[in-house]
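In: Mind looking at a prediction? Sequence and model below.
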Amino acid sequence: MRKILERQLKNLHQDFANMGFDVASAIQNAIDAFESNDKELAQKVIGNDQNINEQEIYLERKAAQVIALQQPVASDLRILITILKASSDLERIGDHAVSVARAGLRIKEEKKNALIEEAISDMSKHAYEMLEQIIHAYVENDEQLARDVALSDRKTDEYLKKIRKEAFRSMQNDPDFIGSGTEYIVVASHIERIGDYVTNVAEWIVYTNTGRITELG
């Protein structure tokens, strides 16, 4: 029985990591589409969201089956709960990647703002790195790295403040910029939420190791 459980946990562990890599790819593609106004790439992000949703459903179903059939001990149960909860956070990150891709399509080329675009690019790179690091922390069960990643989310919040400030300033100076300025704020807000969900995953990694729910945000 123990060998069966260990094999199932190993498979779930790998499936979760694969989902994380797919979500990271969705973020990268969404930002690339936003920066280059690549409609085809944006549609690819939107279309691939169903695959990410299906991965979450699969992980939830398989984890629930293991809990029901294998009666795991406390440490194994924490791993399964982490997969259940953190896969939901990954799915929501994928949703925000879709929203970034869609918002980028609505910004008119002639109403783009170079300063805001640069800040969003830097912000998105940071959020992408956070996700990459948290998947690595999950694979290696590195609690300290998870805590460090959560702490770095403060930088994401600072980017959001900077982008909002510049967008509002530009909208006040140019009423025709209101539409684009609003979309920029929407994009930055979605990226900020990605950082929040990465922090949630970090909290579940800590839970796996300690058995305690710890607020890291």
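Out: Structure's in. What do you need? Numbering: from 1, shown residues only.

In: drop to CA atoms for contacts and neighbour counts, all remaining ones
Out: Noted.

In: now for the one helix or strand Gly179 maps to, which elements pack on it?
Out: Counting by DSSP states H and E, the element that carries Gly179 is helix 178-210. The contact analysis (3 or more CA pairs under 8 Å, 6 or more residues apart in numbering; DSSP states H and E) places helix 178-210 against helix 74-106, helix 114-140, helix 143-151, helix 153-173.

In: Please repeat the previous calculation with a cut-off of 10 Å.
Out: In terms of contacts (3 or more CA pairs under 10 Å, 6 or more residues apart in numbering; DSSP states H and E), helix 178-210 is packed against helix 2-36, helix 74-106, helix 114-140, helix 143-151, helix 153-173.

In: Glu140 and Ile134: what is the separation?
Out: To Ile134, Glu140 is 10 Å away according to CA to CA, to the nearest Å.

In: Can you pull the poorly scored residue ranges out of this structure?
Out: Applying pLDDT under 70 to the chain flags the ranges 1.

In: Spatially central residue for it, please.
Out: For the chain, the residue nearest the mean C-alpha position is Ile93 (3.4 Å; CA atoms, centre = their mean).

In: show me what contacts the closest residue to that residue other than its chain neighbours?
Out: Nearest residue to Ile93, sequence neighbours excluded (CA to CA, 6 or more residues apart in numbering): Ile194, at 5.3 Å. Residues in contact with Ile194 (CA atoms under 10 Å, 6 or more residues apart in numbering) are 27, 89-90, 92-97, 124, 127-128, 130-131, 153, 156, 188, 200.

In: again, but for Tyr138
Out: Tyr138 is in contact with 13, 16-17, 20, 82, 145-146, 201-202, 204-206, 208, counting by CA under 10 Å, 6+ apart.

In: Rebuild these as CSV, extending it with neighbour count and distance to Gln70.
Out: Conversion of the contacts of Tyr138 to CSV gives the following (neighbours: other CA atoms under 10 Å; distance: CA to CA, whole Å):
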residue, neighbour count, distance to Gln70
His13, 17, 16
Phe16, 24, 19
Ala17, 19, 22
Gly20, 26, 26
Thr82, 22, 17
Leu145, 19, 30
Ala146, 27, 28
Val201, 28, 25
Ala202, 34, 26
Trp204, 27, 22
Ile205, 31, 22
Val206, 25, 24
Thr208, 24, 18
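
In: about what we covered before: out of Glu140 and Ile134, which sits in the more crowded spot?
Out: Ile134 (28 against 10; other CA atoms under 10 Å).

In: how near is that one to Met123?
Out: In this view, Ile134 and Met123 are 17 Å apart by CA to CA.

In: What of Ala101?
Out: Separation of Ala101 from Met123 (CA to CA): 15 Å.

In: out of these two, which sits in the busier spot?
Out: Neighbour tally, Ala101 and Met123, criterion other CA under 10 Å: the higher count belongs to Ala101, 29 against 23.

In: Can you tell me how far that one is from Gly179?
Out: For Ala101, the distance to Gly179 equals 16 Å [CA to CA].

In: ditto for Ile79
Out: In this view, Ile79 and Gly179 are 45 Å apart by CA to CA.
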